[in-house]
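> Quick one, what's the 3D model for this:
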Amino acid sequence: APFRLVPRAQSPVAQRFQRGRPLEGGFAGRRLMLTFDDGPFTDSTSRLLEILDREDVHAVFFLVASRVQEIPGRRNGRRMVQQMLAGGHSVGNHSFSHPHLPSLGEAGWKREILRAHAAIFSAIGYAPTLFRPPYGQFNAAIDRYLTYRGYTRVHWTYVADEFRGRSGQVMARGILAQIRERERLGKNVGGILLLHDTHQRSVDCAEVLIRRLKAENCALLDAGDDDLWRFAGIPDFFGPAGTEKADAVGREALPAEPAVRDAARLWCDEHAGELEEIRRLDDIQVNINENGFGLPNGYGLPVDEEN
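Numbers count the residues shown, from 1 in each chain. Down below sits the predicted model:
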């Protein structure tokens, strides 16, 4: 059956995120959206979902849709996608087989997008409206087609050095260093973190980072700073196409809601004996100017290739 021009998602939540302004980060306030690419995987994704549930953090999972096809060998992947939705997470389209889309030619990249769209639709019961191009690479024709299909393109602000065998702690420390560098430069630190639920070390990184930022909130509360670290979702950052993107220059604070502050205080009280150990992450030395922490020869920033 042909695809509709604008996917008519059965979920009212999904309908809110069609044809949005591309999301890249630089948001006001200490807000971080966790995103995970390339899954689902039986072991690493299952463990990640357990961690996110325990820490009461929601994330966005960009699915390689060949892993959730409606075939017997992918039943476990489809079950995990249902588990993601039940846990309050969002899912998006990350292509069918993770190719470099601009190199395929128009027929090839359309096939990748549409096959993934159909597989994800069959797994979740409504049309996905979030898209992340593999490797962050796209061109103007792909971008126009994504808009035509009703997608919102989602990229990232922060990356970990995931592909050179670094530990989860080193990766988390590198993300913290990137955040603090943006603070030093006077830029908005709210942004989007790219990780991959392919690797157990990336799951370790997510766990360490979540706990370190929660520990950071304890210090912020003690200092009377209400702009706490929050793990935000698509609703916090989505804007319709054509609306003005965040200003990357000029740090803008955004005080947390009272309920968020109360929850942060409770966490600090419950984990008071662990804070010193959690903060020892800061003792690890990293160099964010090395490839791998967002530079072109590592897993770099998104690339808009010419037509």
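> So which residues of the stretch 151-300 of the chain form strands?
152-153, 158-159, 191-196, 230-231 (DSSP state E, counting those that start in this stretch).
> Nearest to Val286 among those would be which one?
strand 158-159 (12.8 Å; Cβ to Cβ). (C-beta placed from N, C-alpha, C; glycine too.)
> which helices and strands does the closest one pack with?
helix 168-184, strand 191-196 (3 or more Cβ pairs under 8 Å, 6 or more residues apart in numbering; DSSP states H and E).
> now these in JSON lines, with mean pLDDT and distance to Lys214?
Output for the helices and strands packed on strand 158-159, formatted as JSON lines (pLDDT from 0 to 100; distance: least, Cβ to Cβ, whole Å):
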{"stretch": "helix 168-184", "mean pLDDT": "94", "distance to Lys214": "13"}
{"stretch": "strand 191-196", "mean pLDDT": "95", "distance to Lys214": "15"}
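> what's the closest of these to Phe138?
strand 191-196 (15.2 Å).
> buried stuff in stretch 74-87?
74, 77-78, 80-81, 83-85 (16 or more other Cβ atoms under 10 Å).
> Which of the helices and strands packed on strand 158-159 sits closest to Tyr145?
The closest of the helices and strands packed on strand 158-159 to Tyr145 is strand 191-196. By Cβ to Cβ, the value is 22.3 Å.
> so what strands line up beside the closest one?
Its sheet considered, strand 191-196 pairs with strand 31-37 (parallel), strand 158-159 (parallel) by DSSP bridges.
> what packs against the helix or strand following the first one?
Translated: strand 31-37. Beyond strand 31-37 in the direction of the C-terminus, DSSP states H and E gives the next helix or strand as helix 42-55. With contacts taken as 3+ Cβ pairs under 8 Å, 6+ apart, helix 42-55 sits against strand 31-37, helix 75-86, helix 200-222.
> Could you rerun that using 7 Å?
helix 75-86, helix 200-222 (3 or more Cβ pairs under 7 Å, 6 or more residues apart in numbering; DSSP states H and E).
> now the ones you listed as TSV including distance to Ser66 and mean pLDDT?
Below are the helices and strands packed on helix 42-55 laid out as TSV (distance: least, Cβ to Cβ, whole Å; pLDDT from 0 to 100):
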stretch	distance to Ser66	mean pLDDT
helix 75-86	9	92
helix 200-222	20	97
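> what's the neighbour count on the residue lying closest to Gln69 once chain neighbours are set aside?
Among residues not flanking Gln69 along the chain, Ala119 sits closest, at 5.1 Å (Cβ to Cβ, 6 or more residues apart in numbering). Residues within reach of Ala119, counting by other Cβ atoms under 10 Å, total 26.
> circling back: minimum distance to Arg31: which of the helices and strands packed on helix 42-55 has it?
helix 200-222 (10.6 Å).
> residues of whichever helix or strand Leu146 is part of that come out buried?
If you go by DSSP H and E, Leu146 is part of helix 140-148. Applying a neighbour-count criterion of 16+ other Cβ under 10 Å, the buried positions in helix 140-148 are 142-143, 145-147.
> what's the closest of those residues to Phe61?
Leu146 (18.2 Å).
> Would you quantify the distance from the residue nearest to the closest one when sequence neighbours are not counted to Arg67?
Nearest in space to Leu146, with sequence neighbours left out and distances taken as Cβ to Cβ, 6+ apart, is Phe131 at 5.4 Å. In this view, Phe131 and Arg67 are 16 Å apart by Cβ to Cβ, to the nearest Å.
> Also Ser167?
26 Å.
> ok, back up a step: just send the helices and strands packed on helix 42-55 back as a markdown table, with distance to Glu274 too.
A markdown table is the format used below for the helices and strands packed on helix 42-55 (distance: least, Cβ to Cβ, whole Å):
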| stretch | distance to Glu274 |
| --- | --- |
| helix 75-86 | 28 |
| helix 200-222 | 8 |
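> ok, Ile142 to Arg115 distance?
Taking Cβ to Cβ, one finds Ile142 at 15 Å from Arg115.
> The residue nearest to Gln69 contacts Val68, correct?
Yes. Checked against Cβ atoms under 7 Å, the pair Ala119 and Val68 is within contact range at 5.5 Å.
> Put together a markdown table for the strands of the stretch 151-300 of the chain, with distance to Gly26 and mean neighbour count on each row.
Compiled in a markdown table, the strands of the stretch 151-300 of the chain are given as follows (distance: least, Cβ to Cβ, whole Å; neighbours: other Cβ atoms under 10 Å):
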| stretch | distance to Gly26 | mean neighbour count |
| --- | --- | --- |
| strand 152-153 | 15 | 22 |
| strand 158-159 | 11 | 24 |
| strand 191-196 | 6 | 25 |
| strand 230-231 | 16 | 21 |
